[in-house]
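Asker: Structure, please.
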Amino acid sequence: MIATSSATGLGIDDLRSAIVRHVPREPAEAIPDGSSRRPAAATGGAAPALAEHRVYRPGGDDGFRVERTGPGAFRVVGGPVERLIARHDLDNQEALRHVEERLRALGVVRELEANGFEPGDDVEVGGVVFELEPGAPFR
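Answerer: Numbers count the residues shown, from 1 in each chain. Down below sits the predicted model:
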């Protein structure tokens, strides 16, 4: 055990010497990707495997499409919209208000209107059918 003091620096030289004594003196072998690793002899056998760094990013599932399924009936298909509906209780007025705001922000209401949607028409998203009246006051 080596006592050190960060305030006075006492024992730091002893600690540094102890660390240097435990570091292998063999040079590191170069790896084509620019990193390095110690030779097998320094590690007591086989060379250590390099860890692979993976980056996971969400897929490009950010779109949706609107289909007319009949008079006064529409279906909206797309990952973000289906996840939005699945996460909310449409019997709750506050949740319904939030869903409508998100549908507007995602451009769903605009796309529905471009396809002939009228307030009060049925909209199906992810197997859930509900009546959408954008802009109507909530009770």
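
Asker: All the strands of the protein, residue numbers only.
Answerer: For the chain, applying DSSP state E gives strands covering 29-30, 36-37, 65-70, 73-77, 122-125, 128-131.

Asker: Quick check: L90 vs P71, distance?
Answerer: Counting by C-beta to C-beta, to the nearest Å, the separation of L90 from P71 is 22 Å. Using the backbone N, CA and C atoms, a C-beta is placed for each residue, glycine as well.

Asker: between those two, who's got more neighbours?
Answerer: Per other C-beta atoms under 10 Å, whichever of L90 and P71 has more neighbours is L90, with 14 against 8.

Asker: For the more buried one, give me its contacts.
Answerer: Contacts for L90 (C-beta atoms under 8 Å, 6 or more residues apart in numbering) come out as 96, 99, 128, 130.

Asker: what about 10 Å?
Answerer: By C-beta atoms under 10 Å, 6 or more residues apart in numbering, L90 lies in contact with 96, 99, 125, 128-131.

Asker: Just the buried ones among those, please.
Answerer: Among these, those classed as buried by neighbour count (16 or more other C-beta atoms under 10 Å) are 96, 99, 125.
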